[in-house]
Every structure is written in C-alpha cells, then in structure tokens.
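A.B. asks: Pasting the sequence and the predicted model now:
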Amino acid sequence: MTGKVYDNHLRGHRVATCTPVEIESTVKSVIGIFGINKSILRNMDSFIEDMWNKYSINIEIVSDNDWLDVANALCDPARVTIAVPEKLYKRIVKKRRSKEDWKALHIFFHELGHLLLGHKPVLHHSEILATKYEDSEWQADYFADIILQALGQQEYKQLSLF
C-alpha cells in the first residue's frame with residue numbers, strides 16, 4: 001500500500017513510509033505499555049509526569065509569555081522532549097472536557113506520535129513524489145486519532161489531505 005501520491009505538498013517532513021495498519025499496531029503497543037485508558041483522562045497531570053519518571057520522555061511546560069507561538073506544541077526527537085505552552089497544558093489536564101480540551105489532547109498525542117513513530121526527515125532529494133504515508137504530520141495526526149478513539153472520543157477524526 002503506497003497511498004495516494006501528493007504533488008510534493010507534504011504538511012510535515014518526509015519520513016519513512018508508515019501505513020495506517022502499521023500506525024494502528026504501534027498505537028496498540030503504546031496503549032498497552034503506557035496504560036492508556038479512559039481513566040487517564042482524570043489524571044493527565046500524573047500521566048504526563050510519568051512520561052519522564054517511567055519512560056524518560058520530557059514534557060516541557062513553557063510559560064505563555066515565553067512561548068513563541070510558531071506551533072501549538074513542539075516535538076524535539078533528539079532531546080526526547082515535547083514542549084507545550086502553559087495554556088495548552090492547562091487544557092490537557094482539565095478534568096471536564098470541552099471541544100477545545102479534546103483538541104488540546106489531540107495536539108499532545110500528535111506530538112507523542114512524532115516521538116514514538118521515530119520521525120526523522122528522510123528522502124530529501126528524491127525524484128519520486130511523496131505519498132501521504134510518508135508525511136510526518138499525517139502519521140502523527142492518525143496516531144492521535146487512534147488514541148482518542150481508545151479514550152472514547154470520535155470527534156477528532158483526521159481530515160483528508162486531498
């Protein structure tokens with residue numbers, strides 16, 4: 001399965017191909033390893049703290065005054081770090097969820113997807129056009145979609161990129 005060919009309009013870096021089935025398999029493992037279930041929604045602050053204590057994944061909460069607003073959140077695979085502005089973190093850890101809070105969770109799990117899918121830019125100078133399955137942003141979105149489904153939220157299905 002190669003996916004529909006883009007006309008080189010990737011939303012993110014071109015990365016190694018990863019199909020929906022492969023991403024779903026990764027998410028299934030992640031859900032088991034990290035203990036992701038509906039109960040974590042009441043304790044996202046503890047879940048985030050455990051990212052460092054159990055898995056050495058650093059979640060850096062940046063003061064809103066210091067956040068540069070270049071993105072909703074940032075993933076740095078080299079430092080195994082996800083940086084989020086304080087306002088986003090507050091939405092992620094809320095006990096009661098509005099539509100915007102689910103969007104915040106999607107952003108968090110999207111960034112976690114970048115880390116756990118091992119995203120590193122590849123194939124910079126290829127003559128072959130990229131497919132959506134090589135788009136790091138599509139992959140991370142799909143990863144987050146599957147996690148949110150497991151948490152009982154169906155609303156943040158990825159939009160088609162075509």
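C.D. replies: That came in fine, so what should we check first? Numbers count the residues shown, from 1 in each chain.
A.B. asks: From now on I want contacts and neighbour counts done on CA atoms only, so please keep to that.
C.D. replies: Fine.
A.B. asks: residue contacts, the most centrally placed residue in the chain?
C.D. replies: In the chain, the residue lying closest to the centroid (C-alpha atoms, centre = their mean) is His110, at 1.3 Å. By C-alpha atoms under 8 Å, 6 or more residues apart in numbering, His110 lies in contact with 140-144.
A.B. asks: how about it, secondary structure?
C.D. replies: Under DSSP: H, G, I helix; E, B strand; the rest coil, the three-state class of His110 is helix.
A.B. asks: Which ones among the contacts of His110 map onto helices?
C.D. replies: 140-144 (DSSP state H).
A.B. asks: so what pLDDT did Glu137 get?
C.D. replies: With respect to pLDDT, Glu137 scores 92.
A.B. asks: That one - how many residues pack around it?
C.D. replies: Neighbour count for Glu137, taken as other C-alpha atoms under 10 Å: 22.
A.B. asks: Give me the three-state assignment for the nearest residue to it once chain neighbours are set aside.
C.D. replies: Using C-alpha to C-alpha, 6 or more residues apart in numbering and skipping the chain neighbours, the partner closest in space to Glu137 is Gly12 (5.0 Å). Under three-state DSSP, Gly12 falls in the coil class.
A.B. asks: List phi and psi for Gly12.
C.D. replies: Backbone torsions of Gly12, given as degrees, to the nearest 10, read phi -130, psi -160.
A.B. asks: still on that earlier bit, gap between the residue nearest to the centre of the chain and Val84?
C.D. replies: 12 Å (C-alpha to C-alpha, to the nearest Å).
A.B. asks: all helices for the chain, in order.
C.D. replies: Per DSSP H, the chain carries helices over the ranges 20-34, 44-55, 86-92, 99-116, 136-150.
A.B. asks: Just give me how far the longest one sits from the chain centre.
C.D. replies: Right, the one you point to is helix 99-116. Distance of helix 99-116 from the chain centroid (C-alpha atoms, centre = their mean, to the nearest Å) equals 5 Å.
A.B. asks: what's the neighbour count on Gln153?
C.D. replies: 14.
A.B. asks: next one: Gly12
C.D. replies: Quick note: Gly12 (other C-alpha under 10 Å) scores 14 neighbours.
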